[in-house]
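Asker: My questions concern the predicted model and sequence given below.
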Amino acid sequence: MAYENGREIPFAIDDLLDLLPLQEPENDWQALMEAPPGYEPATPKTAIAELVDIVRDCVELLLPQDEYIVHSIAYERITYDELGQRLGVSAPHAWRLTQIAYSHLGEVLMIDGRIKKYLCHDE
């Protein structure tokens, strides 16, 4: 809350963020990494769209539980407590399962030949 003449003035944090100068991402990777889950990157580019498609394809190749976990965390943005409730496990165990699911996703991404051209491009 901000105060003016001793009175509270409500504002949203987004209003403050709008005052900050926006910096253009330096490259496609930075644009992709800075985009919140479920949102398009700040500077949509063909390369990023291709990367998003590759990741979506690879998520679909995961085991059903891993796919469910990645989808729940990345797209629904649920907490580990809620994920644990859905899976019938504790929150710490849900966190461990999430780490395993993302590890499996990383393995699938590395096996996928399409992702290698992007990884080698920045080196």
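Answerer: Here it is on my side, so go on. Numbers count the residues shown, from 1 in each chain.
Asker: Can you pull out the low-pLDDT segments for the protein?
Answerer: 1-26, 28-29, 31-47, 118-123 (pLDDT under 70).
Asker: Let's see that with 80 instead.
Answerer: The chain contains residues with pLDDT under 80 at 1-50, 113, 115-123.
Asker: could you pull out the helices for the protein?
Answerer: For the chain, applying DSSP state H gives helices covering 13-19, 28-34, 46-60, 64-71, 80-87, 91-111, 113-121.
Asker: Next, format those helices as JSON lines and append mean neighbour count.
Answerer: C-betas here are computed from N, CA, C, even on glycine. What follows is the helices of the chain, written out as JSON lines (neighbours: other Cβ atoms under 10 Å):
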{"stretch": "helix 13-19", "mean neighbour count": "8"}
{"stretch": "helix 28-34", "mean neighbour count": "17"}
{"stretch": "helix 46-60", "mean neighbour count": "15"}
{"stretch": "helix 64-71", "mean neighbour count": "16"}
{"stretch": "helix 80-87", "mean neighbour count": "16"}
{"stretch": "helix 91-111", "mean neighbour count": "15"}
{"stretch": "helix 113-121", "mean neighbour count": "12"}
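Asker: which ones are touching Leu97?
Answerer: Residues near Leu97 by Cβ atoms under 8 Å, 6 or more residues apart in numbering: Gln65, Ile69, Leu83, Leu87, Val89.
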